[in-house]
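Visitor: Can you look at this prediction? I've put the sequence above it.
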Amino acid sequence: MLNSKIIAILLALCGTAAVAQDSVQVPIDQAASIAAQALRGGDPALALQIAEAVLSQRPDDRTALIVVAAAAPQLGDAEKGRRAGARAWYLSQSDVQKYEAARLTALAATNEERFTLSTFWLRRALTVAPNEEERARTLKDARIVRQRNPLAFQVSGSLVPSNNINGGADEQSDAVVDTPFGETDETLSPDSLALEGWRASLSFGAQYRFQENQNSRTTAGLRSQLARAYVTDDVSIPDDAFDTAYYELSLTHDRALENGTVSVTASRGLFEYRDLDFDAWTTDYENYDIWRLGISRQFSVAERTLLSLSARREWLEYLEPGIGDVDRVNLTAGITHQLPSGDRVGATLSVTDSEGRDNANYTSRDHALGLNYGVAEPLGPVSISVGGGLRWSDYPDYRFGFTIPEGGRQDTTISSNINIGFPDISYAGFTPGLRIDASATESNVSRFDRTTVSVGLTITSQF
């Protein structure tokens, strides 16, 4: 039996003539439907009151839970609405019902300013979106929520078969060094030869925006990347010889200027890898610390054309005493132009100076040129971007069993890549892609002559 106030509401909504009666029996299923009618009629207070009366007798009435999920946030109780929406999700019997519950729960979480939780429920909604229009609507909402969220996450992964997972030499026996006196051979270690296999990687990033106004923003970031290898060649080298891990903490301040932006970043990173013991065929843990300090400037030089300049200083501290400390300076300039079609074309030029304080093999100068082209509109079901580059590396005092005369070691590398996306294929806001990489290096030390081709499956987030 419902109380007299709720019954009066029900009688008014039902249009019954029995207003003079002290009480009236109303089927509980009809009461939940009337609550939904009150909500659609623009009276969330009445709708919430009726729905709560129904839930007091039937806690798992999905219709009443949906009414609470929609009405409670409008009346200032977003937590109640979120809890009701989550319960309605678990009671839903179809994708359409789940979609409705997920979106209401996400909205309530947004009203609580629990943006990460809201994103979770919007991803759930994407898995059951009834049509492309609703999917696009939810994707747009998810991007808005991410912009409002001071805490942002990035997750991506790849699985790549390659003919050279370790960056090994093409030569199968010795390293040949060209000298003024002829060619000199040096025997390579087994792990220095190119090995076929698979490489899997998983990247995770989190960024917290703790200061923002109209002209500036300050963020702290955490990033990690794990890579694992599986060697398919018939060799005795353990797979973990090529495993790596990278962790980084960073602090970035961005400021808007009259034309463009300027950013300053400081970071601390740790790179972990394995060193192979050829006597026992086991691996030993090694690592190096990376301290970075950088500044970048981006500004417009013409309509649809952006120029970016950056300078970065790095300090590397190796655990291995035979390597020691390495100081590095990098200068980069890049330009991007948007064509009338919306396609983007870009180029970068960089110079990197490295100084090995304790090991001359880590002293080098690199010059690199990169080009890229991104197609704005998908070509049928796929999106495409392509890139390529050329790198020249000089190691003036490199030793390979002996000091290499006449300018030391010199490498030239040419590379290319194709990124193919499938924007029409997604699950929970994650889309697959295909990346094809190819590179070839020519060196006067054949240990560093290498050719690498890899084709990998990638997973990225749409927001």
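Guide: Sure, I can see it.
Visitor: Please identify the buried residues of stretch 60-73?
Guide: With burial defined by 16 or more other Cβ atoms under 10 Å, the residues of stretch 60-73 counted as buried are 61-73. Glycine gets a C-beta too; all of them are placed from N, C-alpha and C.
Visitor: And for stretch 73-87?
Guide: Along stretch 73-87, these residues count as buried under the neighbour rule (16+ other Cβ under 10 Å): 73-74, 77-78, 80-87.
Visitor: What residues does Ile335 make contact with?
Guide: Listed by Cβ atoms under 8 Å, 6 or more residues apart in numbering, the contact partners of Ile335 are 301, 305-308, 346-348.
Visitor: Next: Gly429.
Guide: Listed by Cβ under 8 Å, 6+ apart, the contact set of Gly429 reads 122-123, 126, 139, 142, 461-463.
Visitor: how close does it get to Ala266?
Guide: Here the distance between Gly429 and Ala266 works out to 31 Å (Cβ to Cβ, to the nearest Å).
Visitor: will you turn the buried residues of stretch 60-73 into JSON lines that also has pLDDT and secondary structure?
Guide: Shown next, in JSON lines, are the buried residues of stretch 60-73 (pLDDT from 0 to 100; DSSP: H, G, I helix; E, B strand; the rest coil):
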{"residue": "Asp61", "pLDDT": "91", "secondary structure": "coil"}
{"residue": "Arg62", "pLDDT": "93", "secondary structure": "helix"}
{"residue": "Thr63", "pLDDT": "92", "secondary structure": "helix"}
{"residue": "Ala64", "pLDDT": "93", "secondary structure": "helix"}
{"residue": "Leu65", "pLDDT": "95", "secondary structure": "helix"}
{"residue": "Ile66", "pLDDT": "95", "secondary structure": "helix"}
{"residue": "Val67", "pLDDT": "94", "secondary structure": "helix"}
{"residue": "Val68", "pLDDT": "96", "secondary structure": "helix"}
{"residue": "Ala69", "pLDDT": "95", "secondary structure": "helix"}
{"residue": "Ala70", "pLDDT": "94", "secondary structure": "helix"}
{"residue": "Ala71", "pLDDT": "94", "secondary structure": "helix"}
{"residue": "Ala72", "pLDDT": "95", "secondary structure": "helix"}
{"residue": "Pro73", "pLDDT": "94", "secondary structure": "helix"}
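Visitor: With respect to Pro238, which of the residues you listed is nearest?
Guide: Nearest to Pro238, judged by Cβ to Cβ, of the buried residues of stretch 60-73 is Ala69 at 53.5 Å.
Visitor: confidence score at the closest residue to that closest one other than its chain neighbours?
Guide: The shortest distance from Ala69 to any residue other than its chain neighbours is 3.5 Å, reached at Gly85 (Cβ to Cβ, 6 or more residues apart in numbering). We have a pLDDT of 96 for Gly85.
Visitor: Next up, the contacts around the nearest residue to Val329 once chain neighbours are set aside.
Guide: Counting by Cβ to Cβ, 6+ apart, the nearest residue to Val329 once its immediate chain neighbours are dropped is Asp353, at 4.9 Å. Under the criterion of Cβ under 8 Å, 6+ apart, the neighbours of Asp353 are 328-330, 364-365.
Visitor: now swap in Leu390 and tell me
Guide: Contacts for Leu390 were tallied using Cβ under 8 Å, 6+ apart; they are 368-369, 412-415.
Visitor: Redo the residues you listed as JSON lines? Include distance to Thr451 and secondary structure.
Guide: Written out in JSON lines, the entries for those read as follows (distance: Cβ to Cβ, whole Å; DSSP: H, G, I helix; E, B strand; the rest coil):
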{"residue": "Ala368", "distance to Thr451": "19", "secondary structure": "strand"}
{"residue": "Leu369", "distance to Thr451": "20", "secondary structure": "strand"}
{"residue": "Thr412", "distance to Thr451": "13", "secondary structure": "strand"}
{"residue": "Thr413", "distance to Thr451": "10", "secondary structure": "strand"}
{"residue": "Ile414", "distance to Thr451": "10", "secondary structure": "strand"}
{"residue": "Ser415", "distance to Thr451": "11", "secondary structure": "strand"}
